[in-house]
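**Student:** sequence below, structure please.
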Amino acid sequence: MLKTLSQALLTDTYIGDRKYAVDLSFDNVIKYFKYMDPQLWTERRALASLFLLVPSAIEDAINGRLLLNDCYETLKTLSEYIGEHPYNQSDDQQVDITGEKIETQVPDDKTWDFDQDSMALYASFKQVYGIDLWDLRGKLHWAKFQAMLIGLPDDCQFRRIVAIRQAKLQPPSNPAQNPEAMRQYSQLVKQKADYALTPTDYEMVEAEYNYISMN
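**Tutor:** Below you'll find the model as predicted:
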């Protein structure tokens, strides 16, 4: 279901033949992503994610008025709507929900995280659009948030952090004869350590620090 300006924002859905309001405020969708983490996925978490998005259906679910297959079908529809991106044209040109290109050979290589990068996202939206994301929790629709997220320029804090994480570390071939290249390399290593997403990332950067200290 392509998000276009010619269509209304998605605000309701069906589970079977029953119609329900959908909560697609951006902060609620961010919670949904946590529920749907592939590493933690269970059927119970999947259903919990559905009722996070469609809380008005909880009472009918408790009272046995909903079929499990219908619930999964609705979850699939909502998941596709949330994850849909206008520029996902081909398998070799996939982009994530921020508009960043996904390297298909390393699909698990994350370069950003909603929780860890919350401050950078807040600052970037404030800088670029003049809006306060805290004030818009429960109000700003996911489609609007995603459109602005994709539109963030390269010079905002969030994009700069992502660019640092994506940058390839390549030590100078002859540090002693190229001090400026070594300085830039050392600076990038420090930035990668400052903005590392996971302990594994940090350990990799620590190894690079060790390289620098020996040269």
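
**Student:** can you pull the alpha-carbon coordinates of the host helix or strand of S124 into CSV?
**Tutor:** Using DSSP states H and E, the element containing S124 is helix 118-129. Output of helix 118-129 as CSV, limited to C-alpha atoms (Å, rounded to 0.1, in the frame of the first residue of the first chain):
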residue,chain,number,x,y,z
SER,A,118,16.8,9.4,19.8
MET,A,119,18.7,12.6,20.7
ALA,A,120,20.2,13.0,17.3
LEU,A,121,16.8,12.4,15.7
TYR,A,122,15.2,15.0,18.0
ALA,A,123,17.9,17.6,17.3
SER,A,124,17.7,16.9,13.5
PHE,A,125,13.9,17.3,13.3
LYS,A,126,14.1,20.5,15.4
GLN,A,127,17.0,21.9,13.3
VAL,A,128,15.5,21.0,9.9
TYR,A,129,11.7,21.2,10.4
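
**Student:** elements contacting that helix?
**Tutor:** Here helix 118-129 touches helix 142-150, helix 157-166, going by 3 or more CB pairs under 8 Å, 6 or more residues apart in numbering; DSSP states H and E. Just so you know, the C-beta spots here come from the backbone N, C-alpha and C atoms, and that holds for glycine as well.

**Student:** closest to L133 out of the ones you listed?
**Tutor:** Closest to L133 of the helices and strands packed on helix 118-129 is helix 142-150 (CB to CB; 8.2 Å).

**Student:** does anything pack onto that closest one? Which helices or strands?
**Tutor:** helix 26-35, helix 118-129.

**Student:** list the contacts of it.
**Tutor:** Under the contact criterion CB atoms under 8 Å, 6 or more residues apart in numbering, helix 142-150 has outside partners 3, 9-10, 24-26, 28-29, 82, 85, 97-99, 121, 125, 128-129.

**Student:** can the helices and strands packed on helix 118-129 go into JSON lines with extra columns for distance to K190, mean neighbour count and mean pLDDT?
**Tutor:** What follows is these, written out as JSON lines (distance: least, CB to CB, whole Å; neighbours: other CB atoms under 10 Å; pLDDT from 0 to 100):
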{"stretch": "helix 142-150", "distance to K190": "27", "mean neighbour count": "19", "mean pLDDT": "96"}
{"stretch": "helix 157-166", "distance to K190": "10", "mean neighbour count": "18", "mean pLDDT": "96"}
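
**Student:** ranges for the helices of this protein?
**Tutor:** Ranges of helices in the chain, per DSSP state H, are 26-35, 43-53, 58-62, 68-83, 118-129, 142-150, 157-166, 179-194, 199-213.

**Student:** still on that earlier bit, which of the contacts of helix 142-150 are buried?
**Tutor:** 3, 10, 24-26, 28-29, 82, 85, 97-99, 121, 125, 128 (16 or more other CB atoms under 10 Å).

**Student:** which one among those gets closest to L188?
**Tutor:** Proximity of the buried ones among the contacts of helix 142-150 to L188 (CB to CB) peaks at T98, which lies at 21.5 Å.

**Student:** in terms of pLDDT, where does that closest one sit?
**Tutor:** Note on T98: pLDDT of 50.

**Student:** related to what we said a few turns ago, and W112, which of the helices of the chain is closest to it?
**Tutor:** Using CB to CB, these put helix 157-166 closest to W112, at 5.3 Å.

**Student:** helices or strands up against the closest one?
**Tutor:** By 3+ CB pairs under 8 Å, 6+ apart, helix 157-166 packs against helix 118-129, helix 179-194.
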